[in-house]
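# I would like to see how this sequence folds:
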Amino acid sequence: MDCLFCKIVTGDVPAMIVRESERVLAFRDINPQAPTHVLVIPKEHHVNVAELAAADPELLAEMMREAHQVAVEAGMAETGYRVVFNTGPQAGQTVFHTHAHLLGGRGLNWPPG
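Modelled structure (predicted):
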């Protein structure tokens, strides 16, 4: 499989890992859009969040728990943070392995771009 995030999971591509559980990995985005920008992914390959939700809702819930823990450790849990899933190319998904963008550390306006 030629999936960038699968290669990060196996260690074939380096990443700045901030949290890891048995089934979930969180690492810093290489093109951060906020002072804290972490990607939270399932170690198992799923193309997008809709597919993951249908196949394994508990894994999706674990991703969200890990995202919250990253926010806690970054000191953003009290002030606020954003979790974004892009699903499909028109929504901006460029890596077709489910991933949540955890953003925070600055004011995040609404609506986003």
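
# Give me the mean pLDDT for the longest strand seen in the chain.
When the chain is parsed with DSSP state E, its longest strand is strand 36-42. Across strand 36-42, pLDDT averages out at 98.

# Helices of the chain, start to end?
Secondary structure of the chain by DSSP state H: the helices cover 4-10, 49-55, 57-73.

# Now Asn48. Nearest residue, chain neighbours left out?
Once flanking residues are discounted, Asn48 sits nearest to Thr87: 4.6 Å by Cβ to Cβ, 6 or more residues apart in numbering. Glycine gets a C-beta too; all of them are placed from N, C-alpha and C.

# Pipe the helices of the chain into JSON lines and attach mean neighbour count per row.
Output for those, formatted as JSON lines (neighbours: other Cβ atoms under 10 Å):
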{"stretch": "helix 4-10", "mean neighbour count": "17"}
{"stretch": "helix 49-55", "mean neighbour count": "15"}
{"stretch": "helix 57-73", "mean neighbour count": "17"}
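
# Save those as CSV, and put in distance to Gly105 and mean pLDDT too.
Shown next, in CSV, are the helices of the chain (distance: least, Cβ to Cβ, whole Å; pLDDT from 0 to 100):
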stretch, distance to Gly105, mean pLDDT
helix 4-10, 22, 97
helix 49-55, 23, 97
helix 57-73, 10, 98
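
# what's the closest of those to Arg23?
The closest of those to Arg23 is helix 57-73. By Cβ to Cβ, the value is 5.9 Å.

# Mind listing residues that contact that closest one?
The contact list for helix 57-73, computed with Cβ atoms under 8 Å, 6 or more residues apart in numbering, reads 18-19, 21, 23-24, 26, 36, 38, 40-42, 44, 49, 52-53, 77, 81, 83, 98, 100, 102, 104.

# now swap in stretch 84-99 and tell me
Residues contacting stretch 84-99 (Cβ under 8 Å, 6+ apart): 3-6, 39-42, 45-52, 63, 100-101, 103, 112.

# that older thread, for ChimeraX, what selects the buried ones among the contacts of helix 57-73?
In ChimeraX, this line selects whichever of these come out buried by 16 or more other Cβ atoms under 10 Å:
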select :18,24,26,36,38,40,41,42,49,52,81,83,98,100,102,104
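
# Once you drop chain neighbours, what's closest to Arg82?
Spatial nearest neighbour of Arg82, chain neighbours left out: Leu103 (4.6 Å); criterion: Cβ to Cβ, 6+ apart.
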